[in-house]
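Undergrad: Need a 3D model of the following:
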Amino acid sequence: MRSSEGLSYWKWLFHGLKGGKPGILLYWNKWLVFHAAISIIISIFTNGVQQSIAQTIVIPFVSILIAITVAWCGNIVVLLNNDEIIELTKKHKLGIEEYSYSVQNVILCLLITIISWTLYGIGFFNNFYGTTWLFFLSSLTIRECWHLIMFVQLLTIARTKIILARKTKKNDANK
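TA: Numbering: from 1, shown residues only. As a prediction, the model looks like this:
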């Protein structure tokens, strides 16, 4: 997509839209310390065996993450097109854009992780810092994929509550 709409994601990611925070700040929280600690610990304990880890564990693992993410993105597209969710997004400052761009963030995180592991596999950064970066990205990607699943669940719950509230309001009006 080569339009000004396609550029809105990057503007949202780095600068924010409509006075909101930049999307990249979604990653900036106390959990980054956890991801950094996990990545350092794993890098120390796997020193020298990262190539075999990349070939035997990470590549199938990333394939599973991609499949899960794509499947959940399909659910999100369906949910975001429901009248109830459209009604819900009208109550947020950025509306549907915030929801869509947050999902796109997960895909970006996944792509960066895949590209990093590919570069590692061809010997681009085979050192402690490169390995730590890979495990940091992997930990962050797991978190983001989990957030995507939680997002779908929350949208489903919100949609159900809106439908039930509408029914209750309709039944009360008919009494």
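Undergrad: contacting residues for Lys11?
TA: By CB atoms under 8 Å, 6 or more residues apart in numbering, the residues touching Lys11 are Leu17. The C-beta positions use only the backbone N, C-alpha and C, and glycine is treated the same way.
Undergrad: mean confidence score for the helix or strand it falls within?
TA: Using DSSP states H and E, Lys11 sits in helix 4-14. Averaged across helix 4-14, pLDDT comes to 77.
Undergrad: Toward the C-terminus, what is the element adjacent to it?
TA: Using DSSP H and E, the helix or strand that follows helix 4-14 in sequence is helix 31-45.
Undergrad: How far does that next one sit from its chain's centre?
TA: Averaged C-alpha coordinates place helix 31-45 at 20 Å from its chain's average position (CA atoms, centre = their mean, to the nearest Å).
Undergrad: Now do it: which elements does it pack against?
TA: In terms of contacts (3 or more CB pairs under 8 Å, 6 or more residues apart in numbering; DSSP states H and E), helix 31-45 is packed against helix 128-174.
Undergrad: For the helix it packs on, name the packing helices and strands.
TA: Applying 3+ CB pairs under 8 Å, 6+ apart, one finds that helix 128-174 makes contact with helix 31-45, helix 59-80, helix 83-89, helix 96-121.
Undergrad: now, of those helices, which is deepest in the fold?
TA: The highest average neighbour count among those, using mean count of other CB atoms under 10 Å, belongs to helix 96-121 at a mean of 18.
Undergrad: so where's this structure uncertain?
TA: Within the chain, the ranges that satisfy pLDDT under 70 run 1-7, 48-55, 58.
Undergrad: now for it, which residue lies nearest the mean position of the chain?
TA: For the chain, Val106 is the residue whose C-alpha lies nearest the centre (CA atoms, centre = their mean; 2.3 Å).
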